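**Q** Fold the following, please.
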Amino acid sequence: MPFADADGIKLYYEENGSGTPILFLHEFAGDHRSWEAQIRFFSRTHRCIVIAARGYPPSDVPDDESAYGQDLAIADALCVLDHLNIDRAVVVGLSMGAYTVLRITLQHPDRVIACVSASGGAGSPVDTHAAFVSDAQATAAQMLKTGAFPVDGVALGPTRTQLKRKDPRGWAEFRQHLSEHSVVGSAYTLRQVQAARPSLYGFEEELRALTTPVLLMVGDEDEPCLDVNLFLKRTVPSAGLAMFERCGHLLNLEDPALFNARIAAFLQAVENGAWPLRDRPDQAFGGIGLNAVDDAAD
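**A** This next block holds a predicted model:
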């Protein structure tokens, strides 16, 4: 098995295809296998790399809780790129992975060709942040106490049942993979990566200065992420927002063909230099036209 070494932690990765590199980072309830439909599609034209995050076998599962954290997740992604001698890559993340690719893009724009953030932002809104942290901490504590993963509690959550409704076979596979996750690795990830990460709203100044091409993707039934993605769209001058109708959190599994097509179109636009920064009006705009009242008075 191929591994990269991150200060003594072995990170499992898979690599397929050739061309411009794309790095895929999975969500909390997924793993490297979640990206199969994307790898089959994009590896025809790109060099695709998927990682199993630390705490997710076959990557190492450290017993030390301090070996987990958002900054370490960012460093791990860059470690794999360095291990493969990749200077710059397209970065694609879902949920937990979406947060990480946004932070990589903010902190290391020289390493990022373009960024795709899908289903990102849960826990960031001020009115839900405390509940998000409390739920993550309580779930982690219960997992460590019982030694069991709440598989159906996660797989049947209100933003994941859409997959079961659309694709029962795909949902069953998702659930099976989830049941194979490490209880310790997942619990420490909940505590130190999910619950401890800062809100995306706290990066507003940095986001306003971002010029790297960004594609935001969100399902219209993914309630915890809707407002955050509107905030990101309004804030990041280089961002476009793709809304997936009748979709929940698992966009790449719910509608893989559309997910792939929208990313492919985005990457083509970036390659062609056709993803400009958004113009910002220098005065208030109510939706009719700038200076419409003055023009009418004349």
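**Q** buried residues in the biggest helix by length in the chain?
**A** Within the chain, and with DSSP state H defining each element, the longest helix by residue count is helix 126-146. Residues of helix 126-146 classed as buried under the neighbour-count rule (16 or more other Cβ atoms under 10 Å) are 128, 129, 132, 133, 136, 137, 139, 140, 143, 144. Glycine gets a C-beta too; all of them are placed from N, C-alpha and C.
**Q** Export that helix to CSV, keeping only CA atoms.
**A** Extracted as CSV, the C-alpha positions of helix 126-146 are listed here (Å, rounded to 0.1, in the frame of the first residue of the first chain):
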residue,chain,number,x,y,z
VAL,A,126,-23.3,31.9,15.0
ASP,A,127,-26.7,30.6,15.9
THR,A,128,-25.8,27.0,15.4
HIS,A,129,-22.2,26.9,16.4
ALA,A,130,-22.6,26.1,20.0
ALA,A,131,-25.1,23.2,19.2
PHE,A,132,-22.7,21.9,16.6
VAL,A,133,-19.8,21.8,19.1
SER,A,134,-22.0,20.3,21.8
ASP,A,135,-23.3,17.6,19.6
ALA,A,136,-19.8,16.7,18.3
GLN,A,137,-18.4,16.5,21.8
ALA,A,138,-21.3,14.4,23.2
THR,A,139,-21.2,12.0,20.2
ALA,A,140,-17.5,11.6,20.6
ALA,A,141,-17.8,10.9,24.3
GLN,A,142,-20.5,8.3,23.8
MET,A,143,-18.5,6.6,21.1
LEU,A,144,-15.4,6.4,23.4
LYS,A,145,-17.6,5.1,26.3
THR,A,146,-19.4,2.4,24.3
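**Q** Residues contacting that helix, please?
**A** With Cβ atoms under 8 Å, 6 or more residues apart in numbering as the test, helix 126-146 has contacts from 122-123, 149-150, 153, 183-184, 186-188, 190-191, 194-195, 199, 201, 224.
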